[in-house]
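> here are the coordinates; sequence isn't available:
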């Protein structure tokens, strides 16, 4: 567990998710769905089961940090997943996602979480880390490019949101 001071002076806590966080985790994703179309969360999405949430907490191929405010409400989540750890050709590649409530964007937190997840990926001897990002997510793309990620390609019409098709970038960084 560590404290992080945002650019606006507010302090947040960054720590690993725990079983006790299930309800706050669900509430976070519900709030996120209301705020943005830049994640795969959507209003009315069924909650993940508590059992599934807890099972992921013990999966050594998933690195999940949560960010909480002074009231212990989750305001951000950073996840890195080794999708195919059993596969000899694919087990050195991982995918990430960083999600922050709007009030916590532009505060230096995303950049800090990027460093934390990259450090974890390196500690796991990952060679490549990647993600998919909606092309209209300008702020996130600026951050990822600043952190050394590159655009590998575009998935055209990858998501149909509110009557409009959205493209997504495939981005990655080679860690070796």
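All right, it came through fine. A quick note: this is a predicted structure, and the numbers were derived from the prediction, not measured.
> How about residue 5: what's its closest non-neighbour residue?
residue 11 (5.3 Å; Cβ to Cβ, 6 or more residues apart in numbering). C-beta here means a position set from N, CA and C on the backbone, and glycine is covered the same way.
> Can you give me the distance of that neighbour to residue 109?
Distance from residue 11 to residue 109, counting by Cβ to Cβ, to the nearest Å: 11 Å.
> The two - which one has more neighbours?
Of the pair residue 11 and residue 109, residue 109 is the one with more neighbours under other Cβ atoms under 10 Å, namely 23 against 10.
> check contacts around the more buried one.
Residues near residue 109 by Cβ atoms under 8 Å, 6 or more residues apart in numbering: 4, 6, 12, 67, 76, 100.
> and the first one, helix, strand or coil?
Right, residue 4. Assigned by DSSP: H, G, I helix; E, B strand; the rest coil, the conformation of residue 4 is strand.
> okay but it is in contact with residue 111, surely?
No. Contact criterion Cβ atoms under 8 Å: residue 4 and residue 111 do not qualify, at 10.7 Å.
> between those two, who's got more neighbours?
Higher neighbour count among residue 4 and residue 111: residue 4, with 16 against 12, using other Cβ under 10 Å.
> And the helices in the chain, which stretches?
Along the chain, the segments classed as helices by DSSP state H run 22-35, 50-57, 109-123, 138-146.
> ok and the shortest one relative to helix 22-35, angle-wise?
Interaxial angle, helix 50-57 versus helix 22-35 (axes from the mean of the first three to the mean of the last three Cα atoms, to 10 degrees): 90 degrees.
> What lies in contact with helix 50-57?
Identification of contacts with helix 50-57 by Cβ under 8 Å, 6+ apart yields 16, 17, 18, 19, 22, 25, 62, 64.
> follow-up on the earlier one: need the helices of the chain in TSV (columns: mean pLDDT and distance to residue 174).
Converted to TSV, these look like this (pLDDT from 0 to 100; distance: least, Cβ to Cβ, whole Å):
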stretch	mean pLDDT	distance to residue 174
helix 22-35	95	29
helix 50-57	93	27
helix 109-123	96	11
helix 138-146	96	14
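> need those in JSON lines with distance to residue 170, can you?
Below are the helices of the chain laid out as JSON lines (distance: least, Cβ to Cβ, whole Å):
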{"stretch": "helix 22-35", "distance to residue 170": "22"}
{"stretch": "helix 50-57", "distance to residue 170": "24"}
{"stretch": "helix 109-123", "distance to residue 170": "17"}
{"stretch": "helix 138-146", "distance to residue 170": "11"}
